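Asker: sequence below, structure please.
(one chain, ligands or ions: 1)
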Amino acid sequence: MTETIDVLAGLVAAGGVVVLSGAGLSTESGIPDYRGPTGAARRHTPMTYQVFTREAAARQRYWARSHLGWRMIARAAPNDGHRAVARLQAAGLVDGVITQNVDGLHTAAGSGQVVELHGRLDAVVCLRCGDRSSREELDRRLVAANPGFDATVAVVNPDGDVELDDERVAGFRMVDCTCCGAGMLKPDVVFFGETVPVDRVSRCFAMVGRARSLLVLGSSLTVLSGRRFVLRAAKLGIPVVIANQGVTRGDGYAALRVDAPLGRLLPRLVDRVAPGVTRASGGGVDGSAPVAVVTPVAG
Ligand SMILES: [Zn+2]
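Answerer: Next up, the predicted model:
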């Protein structure tokens, strides 16, 4: 185990690291990872772009559930893993972060050079005029348009998933864009069935191309949207390290595999390679706890 952390520390200490993060990095902030080892099966199939834009009823259901579940995301704070990445960056070892997460927690932890591959849930875009606005502002408008809606629906699950019967959904009133007056609003995130903007993908490929190593944190690499950067790094001969609880679809390309809770692994890593860098506020790392299972993969 110690040996593997030595290898990991050696790679990170060399600098030029690009981080690719996924849902597993945010689970310790209370945001569920439906594909992770502890994630329950998703109760609702994810919304696709096609259904969202075509069906008013589906849109109404999405916003009604999202209006309730949003509070959980809005409350979430960065954890030791996010802070560790920011510290590695402050130490000059991490050049940039590509995240598949839409929770904004990397930037909240103080990271810069973050590409939010799938957008941000705290922003809203108008599909007619393209105006971008804040989710907080929309939240205020929805509260005003739906007085008492929260109180009548006391079925927000602890993981933010929401059960809503059709009658309640039918009573939910959605609002439109204030900029053009009639445009359909959509959270500024990439839905299933939608592609990531080309310039955003190019930026990520450029980052990967300049990297000395690619460090995957908390992603099962199920979706090609993130996995393609692992494939690119492997093709360029850039070592890929995958730290994730459970197997991933990129394991065959990894020079090193670490199976450990990131909130414990990453602070330990930072203490090894950048001990002088001030920890961001918060903390509370249990230094005595052992890092779980560490599995090196040939490659
Ligand atoms: Zn508009």
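
Asker: so what are the sheet partners of the biggest strand by length in the chain and their directions?
Answerer: Ranked by residue count under DSSP state E, the longest strand found in the chain is strand 119-126. Within its sheet, strand 119-126 is paired with strand 132-134 (antiparallel), strand 185-189 (antiparallel), according to DSSP bridges.

Asker: tally up the residues packed near the residue nearest to Val125 when sequence neighbours are not counted, please.
Answerer: Among residues not flanking Val125 along the chain, Asp188 sits closest, at 4.4 Å (CB to CB, 6 or more residues apart in numbering). All C-beta atoms are positioned from the backbone trio N, CA, C, and that covers glycine. Using other CB atoms under 10 Å, Asp188 has 20 other residues around it.

Asker: show me where this structure has strands.
Answerer: 17-21, 94-99, 114-116, 119-126, 132-134, 185-189, 213-217, 240-243, 256-258.

Asker: could you spell out the sheet neighbours of the third one, each with its direction?
Answerer: Sheet partners assigned to strand 114-116 using DSSP bridges are listed as strand 94-99 (parallel).

Asker: then the last one?
Answerer: Each strand pairing with strand 256-258, determined using DSSP bridges, is listed with its direction: strand 240-243 (parallel).

Asker: can you give the contact residues for the partner strand?
Answerer: Strand 240-243 has contacts (CB atoms under 8 Å, 6 or more residues apart in numbering) with 8, 11, 213-218, 221, 230, 233-234, 248, 250-251, 253-260, 262, 265-266.

Asker: could you rerun that using 7 Å?
Answerer: With CB atoms under 7 Å, 6 or more residues apart in numbering as the test, strand 240-243 has contacts from 8, 11, 213-217, 230, 233-234, 248, 250-251, 253-258, 260, 262, 265.

Asker: got a list of what Gly193 touches?
Answerer: Thr48, Tyr49, Gln50.

Asker: adding distance to Met207, pLDDT and neighbour count, write the residues you listed out as CSV.
Answerer: CSV is the format used below for the contacts of Gly193 (distance: CB to CB, whole Å; pLDDT from 0 to 100; neighbours: other CB atoms under 10 Å):
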residue, distance to Met207, pLDDT, neighbour count
Thr48, 28, 90, 14
Tyr49, 26, 93, 15
Gln50, 30, 95, 13
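
Asker: of those, which is the nearest to the ion?
Answerer: Tyr49 (17.5 Å; CB to the ion).

Asker: pretty sure that closest one contacts Glu194?
Answerer: Yes - here Tyr49 lies in contact with Glu194, judged by CB atoms under 7 Å, at a distance of 3.9 Å.

Asker: what does the stretch 1-150 of the chain put close to the ion?
Answerer: Neighbours of the ion within the stretch 1-150 of the chain, by CB under 5 Å from the ion: Cys126, Arg128, Cys129, Asp131.

Asker: which residues touch Glu28?
Answerer: Asn79, Gly81, Gly263.

Asker: hmm, 8 Å instead?
Answerer: Asn79, Asp80, Gly81, Pro261, Leu262, Gly263.

Asker: what's the answer for Val97, then?
Answerer: Val18, Val19, Leu20, Ser21, Val85, Gln89, His106, Ser111, Gln113, Val114, Val115.

Asker: for ChimeraX, write a command that selects the buried ones of the residues you listed.
Answerer: The ChimeraX command for the buried members of these (criterion: 16 or more other CB atoms under 10 Å) is given here:
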select :18,19,20,21,85,89,106,111,114,115
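
Asker: hang on, the earlier thing: take the strands of the chain and lay them out in a markdown table including distance to Ser66 and mean pLDDT.
Answerer: Shown next, in a markdown table, are the strands of the chain (distance: least, CB to CB, whole Å; pLDDT from 0 to 100):
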| stretch | distance to Ser66 | mean pLDDT |
| --- | --- | --- |
| strand 17-21 | 23 | 98 |
| strand 94-99 | 20 | 98 |
| strand 114-116 | 18 | 98 |
| strand 119-126 | 9 | 94 |
| strand 132-134 | 15 | 96 |
| strand 185-189 | 7 | 94 |
| strand 213-217 | 26 | 98 |
| strand 240-243 | 30 | 98 |
| strand 256-258 | 34 | 96 |
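
Asker: if we can go back for a sec, and which of the contacts of Val97 is nearest to Arg272?
Answerer: Closest approach between these and Arg272, by CB to CB: Val85, at 14.7 Å.

Asker: the closest one against Leu266, yeah?
Answerer: Yes - the criterion here is CB atoms under 8 Å, and Val85 meets it with Leu266 at 6.9 Å.

Asker: common neighbours of the two, please.
Answerer: Joint contacts of Val85 and Leu266 (CB under 8 Å, 6+ apart) are Leu217.
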